[in-house]
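S.K.: sharing a model prediction with you, sequence too.
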Amino acid sequence: MSEVTPVPAAARGGEPSEPSGTAEMTMAAAINSAFHLAMEADDKIVVLGEDVAEPIGGVFKTSKGLSTKFGTSRVRATPIAEGTIAGAAVGLALGGYRPVAEIMFFDFVTLTLDQVLNHAAKFRYMTGGATPAPLTVTTVIGSSHFGAQHAQSLEAWFMHTPGINVVMPSTPSDAKGLLTSCLRSPDPCLFVQHSGLLYGRKEPVPVGPHTVPFGRARTVRPGRDVTIVTYGPAVAVAEDAAARLAAEGVEAEVIDLRTLVPLDFPAVLESVERTRRAVIVHEATQFCGPGAEIGSRIQEELFGELLAPVLRVGGAYAPVPFSKSLSSHPTAEKVVEKIRGML
Amino acid sequence: MGETLSAPPGPRMSDPPPPDALADMYHLMLVTMLADKKSVAEAKAGRLQAAFYPVRGMEAVCAALGDVLRPEDRLVSTYRNLGDALAKGVPLRSIMAELYGRVEGTSRGKGGPMHLQDQSVGFTATTGVVGSGLPIGVGLAMAAQLDGKGSATVVTFGDGATSIGAYHEAMNFAALWRLPVVLLCQNNQWGEHTKIADYAPSTDLAGRAAAYTIPTERVDGFDPMACREAIGRAVERARRDEGPTFLECVSYRLTGHTGTADFSYVPKDELEAALKRDPAPSFRTWLTANALLPEERIVDIENAAERYVEDAFEYAQSCAFPPPEELYTDVFADDSWVRSISDE
């Protein structure tokens, strides 16, 4: 976590004044800052999506001010047609631009799969390297109050198709740094935001350009007894669980993967080799979820070292229910209970 | 409402292109026809281990594209792309090497016939998914508009693609933003194994397209001069950033859906009528009848085309297959992570 430094006065309006300073930002503000800085630095970046232009500035406000500053030919509000938002982004990428396709909810990304998975993810490979398609698809999870078609975590689908980076930040600072890395990446990227985190906890975020490299997990909390491997919105759950376990004398190490592709297996394995226990926590459906691959890899590499089976805490095998009473998302209680059983 | 573009005044025949252009068009039609026939034969013989989609019947449209387009214009094509690739100037040696899965192919043998490309000549992308080239063409036209250098984007697609959602979305985007794109429907009157009248409520695809407020034109796809003029008008509109054009070039598929597919279901009278208009032989007759090229030049072109095709097939089969390490190359720009998670 970055050290807290005084907030530059000019930064309160979102404008960087001291590139070395930090300012308290929500994740939404941090993402907006990343867009402003990246688009200033690279005039090939263009943003497409429903309602991304002013006066709306994106339904989650992450593209606020962009069309006013960079013009509507670079920041285009589109018809409601996800497939062609993504397809146009593929064409722009082939034409030398760095497009961002904003898709309002992860569930709507299903409408882009032909362009994102059949085209963007495969174009570099299918042409022997001649046609990379470096686009960024941004989207949002976590809106279960809309029901099952606006709330699913589909990252495992994208991990399963070679050729696209899968990025899921858990903090404002990481969101800014990872989005900046997406916008500079030579490859397609999927950038998944959580609606609860977008307007959740503020934290000091570098005001100037800030990058976080792909494939470098972050140790959120060190510990010696068990490793909790997690990412995105479940990081806060894992932190909560670790705090509760500490009160019982159990030290849990929490690892935030930040990116699922590329996935930082060396960091995971290094930690589990020390703690000899691992639990993987995510909102995505547990069955065939990211945890299945991570857990399998851990037992392949560390079978003889483990003191307990690798366990998972993931979403139930059911569509995301509307009533909160049915929510199957990981909770600190569930994680604590799982870990108690491993000790 | 969309406007219907009209042909320029005066008889078309009075203003033929210069002899060199006619010679190039004839050569392109012949190379397309001969390479297509040979690919089908090779696939049937089992020597070409590829799903090959013949383009026979569309040679006139492709020759017209070749005459009109410049290297800086971009073309997005389909899996039925042999004629389009040749029109854009992709060397047949590279095309055939790709079809045989060799490392000297346009895509290092990793794409196959559905994924030819050549960025040096503006053969930008091909897709194996029906209709998916249209949204990509929309994006390329947006790029061209942002570049402001007056280059045109052309997307070719079959009549079957006009049924899919991507087509309708892309038409809407192109019209809304007046993008410099030519949406060129290569209507061969078959969607896989289904006749156009059996899958479309109206077989007048240009008429239906006009509802998007895009200027449209419907031309005889067997007539290379009509195609050349229509494509020329549409491409000029795009180069002047005057918006999109929908062009329907109506021809007929002279073969099966794939090189090895049965097509006995095609009505004999329709096929016979279409074969009478087989583009390359018909063009020869027209060139001779109108004394546009001397017989000896025509024969020279025919000999050159045959040699060019023979050479390309021989070359392709002499090339090496991609080495095993190519499996993990180009998944990402940097393949180190892919190798780290793979069993090698």
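M.R.: Great, that's in hand.
S.K.: for the rest of this, base every contact and every neighbour count on C-alpha atoms.
M.R.: Will do.
S.K.: neighbours around the nearest residue in space to residue B:275 that is not next to it in sequence, how many?
M.R.: Distances taken as CA to CA, 6 or more residues apart in numbering or on different chains put residue B:254 closest to residue B:275, at 6.8 Å, once the chain neighbours are dropped. As a burial measure, residue B:254 scores 20 neighbours (other CA atoms under 10 Å in any protein chain shown).
S.K.: ok, residue B:254 to residue B:24 distance?
M.R.: Distance from residue B:254 to residue B:24, counting by CA to CA, to the nearest Å: 23 Å.
S.K.: what's the helix or strand for the closest residue to residue A:73 other than its chain neighbours?
M.R.: Excluding its sequence neighbours, the residue lying closest to residue A:73 (CA to CA, 6+ apart) is residue B:146, at 7.5 Å. Taking DSSP states H and E as the criterion, residue B:146 maps to helix B:133-147.
S.K.: just checking: what are the partner strands of the following helix or strand past that helix?
M.R.: Under the assignment DSSP H and E, the closest C-terminal helix or strand after helix B:133-147 is strand B:153-158. Here strand B:153-158 is paired, per DSSP bridges, with strand B:74-77 (parallel), strand B:181-187 (parallel).
S.K.: need the residues of chain B near chain A, please.
M.R.: Contact residues (CA under 8 Å from any CA of the partner chain) of chain B with chain A: B:106-111, B:115-117, B:119, B:124, B:127, B:132, B:135-144, B:146, B:166, B:169-170, B:173, B:329-333, B:337.
S.K.: if you set the cut-off to 6 Å instead, what comes out?
M.R.: Selection of chain B residues close to chain A by CA under 6 Å from any CA of the partner chain yields B:107-108, B:110-111, B:135-140, B:143, B:330-332.
S.K.: can I get the strands paired with strand B:153-158 in CSV with distance to residue A:162?
M.R.: Shown next, in CSV, are the strands paired with strand B:153-158 (distance: least, CA to CA, whole Å):
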stretch, distance to residue A:162
strand B:74-77, 23
strand B:181-187, 31
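S.K.: can you map out the strands along the chain?
M.R.: The chain I'm using is chain A. Remark: strands assigned in chain A by DSSP state E are A:22-25, A:45-49, A:75-77, A:98-102, A:136-141, A:165-167, A:189-194, A:203-206, A:218-221, A:226-230, A:252-256, A:259-261, A:278-285, A:311-315.
S.K.: switch to chain B, that's the one I care about
M.R.: Using DSSP E, strands in chain B cover B:74-77, B:123-126, B:153-158, B:181-187, B:190-191, B:194-195, B:216-220, B:245-250.
S.K.: grab the most central residue of the chain for me.
M.R.: In the absence of a named chain, this looks at chain A. Taking CA atoms, centre = their mean, the centroid of chain A lies closest to residue A:168, which sits 1.1 Å from it.
S.K.: actually chain B
M.R.: Nearest residue to the geometric centre of chain B (CA atoms, centre = their mean): residue B:84, 2.9 Å.
S.K.: residue contacts, that residue?
M.R.: Residues counted as contacts of residue B:84 (CA atoms under 6 Å, 6 or more residues apart in numbering or on different chains) are residue B:62.
S.K.: and the longest helix seen in chain B, what's its mean pLDDT?
M.R.: Using DSSP state H, we find that the single longest helix of chain B is helix B:19-44. Helix B:19-44 comes out with an average pLDDT of 98.
S.K.: next one: stretch A:214-228
M.R.: For stretch A:214-228, mean pLDDT is 98.
S.K.: in it, what counts as buried?
M.R.: By 16 or more other CA atoms under 10 Å in any protein chain shown, the buried positions in stretch A:214-228 come out as A:214-221, A:223, A:225-228.
S.K.: how far away is the closest residue to residue B:26 other than its chain neighbours from residue A:184?
M.R.: Distances taken as CA to CA, 6+ apart place residue B:280 nearest to residue B:26, at 6.7 Å, with adjacent residues excluded. The gap separating residue B:280 from residue A:184 is 49 Å, by CA to CA.
S.K.: cool, residue B:155 as well?
M.R.: As judged by CA to CA, residue B:155 and residue A:184 stand 29 Å apart.
S.K.: so if I had to pick from these two, which one is more boxed in?
M.R.: Each of residue B:155 and residue A:184 has its neighbours counted (other CA under 10 Å); residue B:155 has more, 26 against 17.
S.K.: so what's that one bridging to?
M.R.: residue B:76, residue B:183.
S.K.: so it touches residue B:76, yeah?
M.R.: Yes - using CA atoms under 6 Å, residue B:155 is in contact with residue B:76, at 4.7 Å.
S.K.: pLDDT wise, what is residue 329 at?
M.R.: Went with chain A since none was named. 94.
S.K.: wrong one, chain B
M.R.: At residue B:329, the model reports a pLDDT of 97.
S.K.: and if you look at residue A:2?
M.R.: 36.
S.K.: tell me the contacts of residue B:99?
M.R.: Neighbour list for residue B:99: B:112-113 [criterion: CA under 6 Å, 6+ apart].
S.K.: pLDDT on stretch A:66-81, on average?
M.R.: 98.
S.K.: what about that stretch, how long is it end to end?
M.R.: Stretch A:66-81: ends 21 Å apart by CA to CA.
S.K.: list the contacts of residue A:129.
M.R.: The contact partners of residue A:129, taken as CA under 6 Å, 6+ apart, are residue B:330.
S.K.: which residues of chain A score low on pLDDT?
M.R.: Along chain A, segments meeting pLDDT under 70 span A:1-20.
S.K.: what residues does it have near chain B?
M.R.: A:84, A:87-92, A:95, A:124-129, A:163.
S.K.: burial count for residue B:38?
M.R.: 17.
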